[in-house]
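**Student:** the following block contains a protein sequence and its predicted model.
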Amino acid sequence: MSTPSRTQIRRWRRYLADERAEGAVYSYLARRKTGEEREILLALAEAEARHEAHWSHLLGEHADAPGRPELRTRVLGFLARRFGSVFILALAQRTEARSPYDADVDATPAMAADERIHEEVVRGLASRGRSRLSGSFRAAVFGANDGLVSNLALVLGISASGASNRTVLVTGLAGLLAGALSMGAGEYVSVRSQRELLESSTPDPQARLVISHLDVDANELTLVFRARGMPEAEAKARASALLADGQHASVPPVPDPRVDEHESVGTGLGAAVSSFCFFAAGAVVPVLPYLVGLEELAAVAVAVLLVGTALLATGAVVGLLSGGPPLRRALRQLAIGLGAAGATYALGLLVGASGTGI
C-alpha cells in the first residue's frame, strides 16, 4: 500500500474518531435498554467497530493518535450521557444520514451501504420513542408556542395602542390564565374524544368466546375480517384457521392494530396538564419585561427578543426530534410567531393613532 498523504491521514483519523464516538453512543444507549432494543443497539455498535477497524488498518502506525470527531458527533456523545434516548436517536439518525462514505474512494461500498441502513435502523428505533411521547409532546409544543405567540401578540397590540404599563401587564396576565385554561380544557376534550373513537373501533375481546359455536358452513367470521379490510380469499383462510382451533379462547377473532394508536394519542389528563403548563410557561415570557417594570419600546423590544429566542429553541427541538434540519425548523417557527405578533402590533398602532386607545 502506498504511503498516505497528510490530507488522507487527517481525514482517516477524523473518520476513525467518528466511528469510535458513534459506537460509544450506541453502546451507552444499549446499557439503558433491555430486550430487542438493546440487541439492536449493540449490533450497531459492532458495525461501527468494523468501520473503525477499516480506518485503523489504513492508518497503520498513524492510528495511535486519532483526530477529534466532528462537532455533531461530539455533541451526540455529550447528550447521550445526559438526556433521554429518543432525543439521542433522533440526532443519531441525522448523523447517519450525513455519512460521507458514498463519495469517499477510501471507504468500501459495503461501508457506505451500512451507513444508509444504519439510518433506517435508527429511524425505526427513534420512531418507537416518538410514538410513546407524541401525544403529550404534541400538546406541550403546541401549548408553549401558542402561549408565546398569542400572548406576545396580545401584549404588543395593547401596548401599541397607547395603554398604560399596568393595563398591558394585567391584560398579559389575564391572557396567560385564560389561554392556559382554554388550552388545557381543549386538549382534554380533543384527546379524550380521539381515544373514545379509537376504542369504539377496537374489537370486542369477548367475541373470541363464541368461536366454537359458530356455524362452520355459514362461516360469518369471514365477514368480520372482510369488514376490517381483508381481501375475501385471505379472510376465508383466516376464518377457517380460527374455526378449526375455535376451542382455544386465547386466539382473538380479529387482530387489534390500534394498540400503538392509543399509545401515541396519549391520555386526556396528561395532554391537558401538559398544555396548561406549557401554555402558561410560554405566555409568561412576553409579560416578563412588564413584571420587572420596563415600559413602552424597551418592554416591547425585550419581549420580542425573549419570545424570539424561545421560538428558535422550540423550533430547533422539534426539528431534532423529527429528524429534520433544526435550523430550518427554528427559523420557520420564528417567522410565523413574529409575523403574527407583528400584525397585531400594527393593528394596535392603528387603534392608537385613531384616538381610541385605552
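**Tutor:** Yep, that arrived. Numbers count the residues shown, from 1 in each chain.
**Student:** would you mind listing the buried residues in the host helix or strand of Ser240?
**Tutor:** Using DSSP states H and E, Ser240 falls within helix 232-244. If you call a residue buried by 16 or more other CB atoms under 10 Å, then helix 232-244 has these buried ones: 235-236, 238-239, 242-243. In this view, the C-beta of every residue, glycine as well, is placed from N, C-alpha and C.
**Student:** so what secondary structure elements neighbour it?
**Tutor:** Packed against helix 232-244 by the contact rule (3 or more CB pairs under 8 Å, 6 or more residues apart in numbering; DSSP states H and E) you find helix 221-227.
**Student:** I'd like the average pLDDT over the helix it packs on.
**Tutor:** Helix 221-227 carries an average pLDDT of 72.
**Student:** before we move on, back to that, let me know the closest of the buried residues of helix 232-244 to Ser274.
**Tutor:** Ser274 lies nearest to Arg238 out of these, by CB to CB, at 40.3 Å.
**Student:** identify the residues contacting stretch 337-350?
**Tutor:** Here stretch 337-350 makes contact (CB atoms under 8 Å, 6 or more residues apart in numbering) with 145, 148-149, 152-154, 156-161, 300, 304, 307-308, 311.
**Student:** check contacts around the nearest residue to Gly282 once chain neighbours are set aside.
**Tutor:** Among residues not flanking Gly282 along the chain, Gly147 sits closest, at 2.8 Å (CB to CB, 6 or more residues apart in numbering). By CB under 8 Å, 6+ apart, the contact list for Gly147 reads 176, 179-180, 183, 278-285.
**Student:** just Pro289 next, same as before
**Tutor:** 298-300, 302-303, 306.
**Student:** and which of these is nearest Arg32?
**Tutor:** Leu306 (34.9 Å).
**Student:** which secondary structure element is home to Leu152?
**Tutor:** Counting by DSSP H and E, Leu152 is part of helix 109-160.
**Student:** tell me the first helix or strand C-terminal of that helix.
**Tutor:** Sequence-wise, the next helix or strand downstream of helix 109-160 (DSSP H and E) is helix 165-201.
**Student:** output the contacting helices and strands for that next one.
**Tutor:** With contacts taken as 3+ CB pairs under 8 Å, 6+ apart, helix 165-201 sits against helix 109-160, helix 259-265, helix 268-284, helix 288-291, helix 296-321.
**Student:** for that helix, give the mean pLDDT please.
**Tutor:** Throughout helix 165-201, pLDDT has a mean value of 77.
**Student:** tilt between it and helix 268-284?
**Tutor:** Counting by axes from the mean of the first three to the mean of the last three CA atoms, to 10 degrees, helix 165-201 lies at 160 degrees to helix 268-284.
**Student:** buried residues, helix 165-201. List them.
**Tutor:** 167-169, 171-173, 175-176, 179-180, 183-184, 186-188, 190-192, 194-195.
**Student:** how about stretch 270-290?
**Tutor:** Neighbour counts over stretch 270-290 (16+ other CB under 10 Å) mark 270-287, 289-290 as buried.
**Student:** so where's the chain shaky on pLDDT?
**Tutor:** The chain contains residues with pLDDT under 70 at 1-2, 65-87, 128-139, 191, 194-221, 228, 243-268, 320-324, 352-358.
**Student:** and it, what are its domains?
**Tutor:** Domain segmentation of the chain under automatic domain parsing yields 6-130, 134-189+272-353, 203-255.
**Student:** Leu312: neighbour count?
**Tutor:** 18 (other CB atoms under 10 Å).
**Student:** check Asp146 too.
**Tutor:** Neighbourhood size, Asp146 [other CB under 10 Å]: 20.
**Student:** same check on Phe142?
**Tutor:** With other CB under 10 Å as criterion, Phe142 counts 19.
**Student:** contacting residues around it?
**Tutor:** Contacts of Phe142 (CB under 8 Å, 6+ apart): 183, 275.
**Student:** switch to 10 Å and redo it
**Tutor:** Residues in contact with Phe142 (CB atoms under 10 Å, 6 or more residues apart in numbering) are 183, 186-187, 271, 274-275, 278-279, 282.
**Student:** would you list those in TSV and tack on distance to Leu338?
**Tutor:** Output for the contacts of Phe142, formatted as TSV (distance: CB to CB, whole Å):
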residue	distance to Leu338
Met183	21
Gly186	24
Glu187	25
Ala271	27
Ser274	25
Ser275	22
Phe278	19
Phe279	18
Gly282	14
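**Student:** closest one of those to Leu42?
**Tutor:** Ser274 (33.6 Å).
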